[in-house]
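1. what's the 3D shape of this:
(one chain, ligands or ions: 2)
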Amino acid sequence: MSNLPLIHDLTLSELEKKINALGEPIYRSDQIREGLYKQYWNKPDEFTNLPKSLREHLGQIFLFNPLRPIKHQDSSDGQTRKTLFQLHDKLVIETVLMKYDAATHKGQGRRTLCISSQAGCALGCVFCATGQMGFKRHLTSGEIVAQVLYYARILHENDEKVTNIVMMGMGEPFHNYANTMMAIDRLNDPRGFGIGARRITISTVGLVPMIKRFADEKSQVNLAISLHAADDENRGKIMPINKKHNISKLLEACRYYVDQTGRRVTFEWALISGVNDSEEVARNLAARLKGLMCHVNAIPLNPTDGYPGQASDRQRANNFKRVLEAAGIPCTIRMRRGIDIQAGCGQLAGSN
Ligand code: SAH
Ligand code: SF4
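-> Ligands and ions are numbered 1, 2, ... in the order given. Sure thing, here's the model as predicted:
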């Protein structure tokens, strides 16, 4: 693939300026924007709304498609599809589509995309396949957006659309804060992809300063925090970030977020048998979360090669939920999706 700048990396106003600077009338940039974000075109040739000469020129100065799908995997129930994409520098990322059909799920025909924010991840959570591979690089905003446009195009062919986006694929979105926010802007902007902010969820390992910064933006985008343990000793064993930002500081940042936005926080909890799924842990967790507007999203661990932990069984999961709820903390147990294709490195969690 070429080293040309990616057209999706431009903000909508940068796109306008750039097209204007080429001596084109203002409506041309609208046509290009429509082609990119409403028609999901990813080749200059497809822009049949433009004169051929402009199409050709754009093809010489911009890259239109940064993602080369190199492998698809479908789960046995056909409800989950994972795509491995190769980037221009040969690094790979993955994106997962989860379908929740109206007949079988209450989420009326929901189409949730789980997208990546980085190739690899620097945070090293021991149970996570991405953490086990280490950090490669940040994705640009255009590379983040392009994952959505790729699936939007496929769904569109079946008269379907992306209904929810979760940033729960590879990488830590708040470690790549600026690009993540720029991508979300373009996804949310009605002139861009146009999906509602409340249908987007950012999941973070718990980078405290970034949670505060995000709170100050007063965004309608949902926030999920990967907690996974209720005390510093145990959290530190599985999530190295806890040594830098401990649970008290993390929860303080979450309280700040709730105060600033009036929105509840979701805590993610990978249920690991015998590690963080006892009734005692649930009681400790409930005590720490008391008074915080939140919800716990628990999902049995997806086992990975680099970590010996196993998923909790249904009974332990249900007991965990029962104890939390008895203490007034709402909890949902999510089914693992696409377990047979290691979807999202086993990182799938439901959206709000
Ligand atoms: N870096 C961000 C977002 C990507 S991970 C974060 O850590 O929040 C998305 C979610 O999947 C996180 O809650 C993460 O803790 C969880 N996860 C990672 N590996 C998992 C596994 N093997 N099984 C279950 N959940 C996992
Ligand atoms: Fe990174 Fe999130 Fe995996 Fe931790 S769980 S290693 S932060 S992707």
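2. List the beta-bridge partners for the spatially most central residue of the chain.
-> When CA atoms, centre = their mean is applied to the chain, the residue found nearest the centroid is M167 (0.9 Å). On the basis of DSSP bridges, M167 is bridged to I202.
3. looking at it, it is touching N176, isn't it?
-> No: taking contacts as CB atoms under 8 Å, M167 lies outside contact range of N176: 9.8 Å. All C-beta spots, glycine's among them, are computed from the backbone N, C-alpha and C.
4. okay, and the common contacts of these two?
-> Shared contacts of M167 and N176 (CB atoms under 8 Å, 6 or more residues apart in numbering): S117.
5. wait, what's in contact with the residue nearest to the centre of the chain?
-> I115, S117, P173, T180, I200, T201, I202, S203.
6. do the same with H295
-> Counting by CB under 8 Å, 6+ apart, H295 has contacts R264, V265, T266, F267, I329, P330, C331, T332, N352.
7. Just confirm T266 is within a helix.
-> No: T266 is assigned strand when assessed by DSSP: H, G, I helix; E, B strand; the rest coil, not a helix.
8. So for stretch 193-202, first residue to last residue, what's the gap.
-> With CA to CA, to the nearest Å applied, stretch 193-202 spans 17 Å between its terminal residues.
9. Could you confirm whether it reaches ligand 1?
-> No: applying CB under 6 Å from any ligand atom, one finds stretch 193-202 separated from ligand 1 by no less than 8.1 Å.
10. can you list the domains in the protein?
-> 7-61, 68-341 (automatic domain parsing).
11. so how many other residues sit close to K71?
-> By the criterion of other CB atoms under 10 Å, K71 has 11 neighbours.
12. So it lies in a helix, does it not?
-> No: read with three-state DSSP, K71 is strand and lies in no helix.
13. Run through the helices of the stretch 1-150 of the chain in chain order.
-> 12-21, 26-37, 52-61, 129-133, 141-157 (DSSP state H, counting those that start in this stretch).
14. Check which residues of the shortest one are buried.
-> Spelled out, that is helix 129-133. Within helix 129-133, the residues that qualify as buried are A129, T130, G131, Q132, counting by 16 or more other CB atoms under 10 Å.
15. pull the CA atoms of it into CSV?
-> C-alpha atoms of helix 129-133 as CSV (Å, rounded to 0.1, in the frame of the first residue of the first chain):
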residue,chain,number,x,y,z
ALA,A,129,-4.3,-11.4,24.4
THR,A,130,-3.5,-7.9,23.1
GLY,A,131,-1.6,-7.1,26.3
GLN,A,132,0.4,-10.3,25.8
MET,A,133,1.6,-9.1,22.4
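16. Report whether that helix contacts ligand 2.
-> Yes: for helix 129-133 and ligand 2, the contact criterion (CB under 6 Å from any ligand atom) is met by T130, G131.
17. Off-centre distance for that helix?
-> Between the centre of helix 129-133 and the centre of its chain there are 16 Å (CA atoms, centre = their mean, to the nearest Å).
18. and if you look at the third one?
-> Remark: helix 52-61 is offset 33 Å from the chain centroid, using CA atoms, centre = their mean.
19. If you count neighbours, what's buried in it?
-> Going by 16+ other CB under 10 Å, helix 52-61 has these buried residues: L54, R55, L58, G59.
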